[in-house]
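Student: Quick one, fold the following:
(one chain, ligands or ions: 2)
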Amino acid sequence: MFSAPGKAFLAGGYLVLDPKYRAFVVALSSRMYAHAEIVSEGGDTTEISVRSPQFLEGDWTYKVDLSRPTQSQEVHGRKNPFIKATLDIILLYLSPKVNKSIVITIFSDAGYHSQTNSVPKTSESGKRTFRYHSQPITEVSKTGLGSSAGLVASLTAALLSCYVETLDVKNDATLNQIHNLAQISHCLAQGKIGSGFDVASATFGSIVYRRFDPELVNKVIETWDREYLVNLVDNVDWKIEISKCALPSGVKLLMGDIVGGSETPKLVSKVLSWRKENASRSLEVWETLNKNNMSLVSGLERLQTMSKEQPETYKLLLQSLVAGNKSGFQDVVSSIQGIRKYLKIMTQESGAEIEPDQQTKLLDYCMSLDGVLGGVVPGAGGYDAVCLLVAEDSIPQVIENTQNHSVTWLDLREQELGLRQEDVSEFSGLF
Ligand SMILES: Nc1ncnc2c1ncn2[C@@H]1O[C@H](COP(=O)(O)OP(=O)(O)OP(=O)(O)O)[C@@H](O)[C@H]1O
Ligand SMILES: C[C@@](O)(CCOP(=O)(O)O)CC(=O)O
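Tutor: Ligands and ions are numbered 1, 2, ... in the order given. Alright, predicted model coming up:
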């Protein structure tokens, strides 16, 4: 059984679509789990059943003729493009010779979806609780943690483990293989190529990320050429950059759900057409925003180093932050202010509601509270969510002070590890 984390995209939205710029993505404690079981081997067809018991009609069963591995058929006539793409790509890549019947079960932590019309169910061990929804997955509201990326990354690991007996997600080469396969499947299912930050973070955890050249993946989708696919997954250097980066100790991420929701593709197309029509102005905005994004990353790294090398001094700084003195964190505070300033400029000049006035008011208020280093609209922004960086000891006070501000703080935190193997016994009674 394997799991992948959800994400909060703190800095680098839009810019990261261009390989020139990097983004900072934080992996979260809300995870997606996939358990695979080989039911039989050697029959007439390959049958792969993917069950997601928390959702109504959450059962997609594909029959596959191994001589045509990309032509899988769902037996109920149901659609789940992310599951189908993952199965098709992995079967083309592996081209197995022996038929298998496989059952894969998916679980997703509560943070991914709105909890209305759902009931909790706990495993026999008492260690795992999931929300069971009365609607199909497509009708349950999402919170923006990247459920499809978590699904594709964990499903890729689970399905590969049915063909590669000793799959070890702690091995760098294996993790890279899973990342490449998951990235291709996710692009195929979306029918467009985003930067891939969500799949990278679902695989590698909290990272500073630079994207790959979209042409690499386009060619798989256009040709379905197996040799090209295998070479792309196993041998080609994608030139992505993935450096580990985590929040310093004592500083926590709070993610707030806002009533509403935004369509990322619409925001992206507005921003990109503004960028095209205003080349020199947008370059100026992109470069200054990038400087602030990168100084946020280096500011957090500096704090991380300080917390290890001068723990007593760092502890005193954190205590004064809780008391409202932010001066020891000035580089982080001012880079977050810079990020917001330039996202607001992009909002006003492109017409895409990246940081709408409603979020400006909320974030300004949050930033005035003791213990808050700053806050941003994550990812593409809009009406999905806000993220704050807060001293751990100030969290109860921040929650209390924002009670009347139309924001619901999600029950999650940073968990910097990407894909990991899980102890299946903790899930018994849920299958
Ligand atoms: N637990 C699950 N079980 C089965 N399928 C799932 C599950 N979670 C997500 N999916 C698939 O992913 C789709 C949602 O993907 P989509 O890209 O729209 O959202 P997202 O990845 O959560 O978005 P965002 O990047 O805004 O967080 C679902 O419609 C379904 O096909
Ligand atoms: C706008 C963009 O840079 C980020 C979108 O982030 P999110 O889906 O809003 O978390 C698009 C992308 O990187 O694929």
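Student: list the buried ones in stretch 57-74?
Tutor: By 16 or more other CB atoms under 10 Å, the buried positions in stretch 57-74 come out as 58-62, 64, 69, 72, 74. Every C-beta, even on glycine, is put in place using the N, C-alpha and C of the backbone.
Student: Return the residues in contact with whichever residue of the stretch 201-350 of the chain sits closest to ligand 1.
Tutor: Closest contact between the stretch 201-350 of the chain and ligand 1, by CB to the nearest ligand atom, is at Thr264 (6.1 Å). By CB atoms under 8 Å, 6 or more residues apart in numbering, the contact set of Thr264 is 379-380, 382.
Student: Show me which pair in the buried residues of stretch 57-74 is furthest apart.
Tutor: Pairwise distances across those peak at 24.2 Å for Gly58 and Pro69 (criterion: CB to CB).
Student: so how far is Val75 from the residue lying closest to Asp213 once chain neighbours are set aside?
Tutor: In space, and not counting its chain neighbours, Asp213 is closest to Pro19: 6.6 Å by CB to CB, 6 or more residues apart in numbering. As judged by CB to CB, to the nearest Å, Pro19 and Val75 stand 41 Å apart.
Student: what does Thr408 give?
Tutor: Per CB to CB, Thr408 is found 39 Å from Val75.
Student: cool, Gln348 as well?
Tutor: 51 Å.
Student: The residue nearest to Asp213 contacts Arg211, correct?
Tutor: Yes. Using CB atoms under 8 Å, Pro19 makes contact with Arg211 at a distance of 5.2 Å.
Student: The two: which is more packed in?
Tutor: Legend: neighbour count by other CB atoms under 10 Å for Pro19 and Arg211, higher for Arg211 (24 against 15).
Student: what's near enough to touch the more buried one?
Tutor: For Arg211, the contact set (CB under 8 Å, 6+ apart) comprises 16-19, 195-197, 240.
Student: which one is it nearest to, not counting chain neighbours?
Tutor: Closest residue to Arg211 apart from its sequence neighbours, by CB to CB, 6+ apart: Ser195 at 4.4 Å.
Student: wait, the one you found sits on Val16?
Tutor: Yes. In this structure, Ser195 is within contact of Val16 by CB under 8 Å, at 4.4 Å.
Student: what sits in contact with each of those two?
Tutor: Residues touching both Ser195 and Val16 (CB under 8 Å, 6+ apart): 23, 209, 211.
Student: just those residues that are near ligand 1?
Tutor: Among these, none lies close to ligand 1 by the criterion of CB under 6 Å from any ligand atom.
Student: Now Ala36. Its backbone dihedrals?
Tutor: Here is the backbone geometry of Ala36 (degrees, to the nearest 10): phi -120, psi 140.
Student: ok, it - contacts?
Tutor: By CB under 8 Å, 6+ apart, Ala36 lies in contact with 1, 102-104, 158-159, 161-162.
Student: Cross these against strands and list the overlap.
Tutor: 102-104 (DSSP state E).
Student: got JSON lines for these, with neighbour count, pLDDT and distance to ligand 1 too?
Tutor: Below are these laid out as JSON lines (neighbours: other CB atoms under 10 Å; pLDDT from 0 to 100; distance: CB to the nearest ligand atom, whole Å):
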{"residue": "Ile102", "neighbour count": "21", "pLDDT": "98", "distance to ligand 1": "16"}
{"residue": "Val103", "neighbour count": "17", "pLDDT": "98", "distance to ligand 1": "14"}
{"residue": "Ile104", "neighbour count": "23", "pLDDT": "98", "distance to ligand 1": "10"}
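Student: And those, which is closest to ligand 2?
Tutor: Using CB to the nearest ligand atom, the ones in strands among the contacts of Ala36 come closest to ligand 2 at Ile104, 25.2 Å.
Student: Name the nearest residue to Pro69, ignoring sequence neighbours.
Tutor: Ranked by CB to CB, 6+ apart and with sequence neighbours excluded, the top spatial neighbour of Pro69 is Leu91, at 3.8 Å.
Student: Relative to ligand 2, how far out is the one you found?
Tutor: Distance, Leu91 to ligand 2, by CB to the nearest ligand atom, to the nearest Å: 27 Å.
Student: what's the lowest-pLDDT member of the buried residues of stretch 57-74?
Tutor: Ranked by pLDDT, the buried residues of stretch 57-74 bottom out at Pro69, which scores 84.
Student: Now do the buried residues in the helix of greatest length in the chain.
Tutor: Ordering each helix of the chain by length in residues (DSSP state H) puts helix 279-309 first. Within helix 279-309, the residues scored as buried using 16+ other CB under 10 Å are 282, 285-286, 289-290, 292-297, 299-300, 303-304, 307.
Student: same check, this time on stretch 257-275
Tutor: By 16+ other CB under 10 Å, the buried positions in stretch 257-275 come out as 257-258, 262, 267-268, 270-272, 274-275.
Student: ok, now stretch 379-399?
Tutor: Within stretch 379-399, the residues scored as buried using 16+ other CB under 10 Å are 379-382, 384-391, 394-395, 397-398.
Student: The residues you listed: which two are farthest apart?
Tutor: Among the buried residues of stretch 379-399, the pair separated by the greatest distance (CB to CB) is Ala380 and Gln397, at 29.9 Å.
Student: where's His76 relative to ligand 1, distance?
Tutor: 14 Å.
Student: ok but that residue is inside a helix, no?
Tutor: No. Looking at His76 with DSSP: H, G, I helix; E, B strand; the rest coil, it is coil, so not inside a helix.
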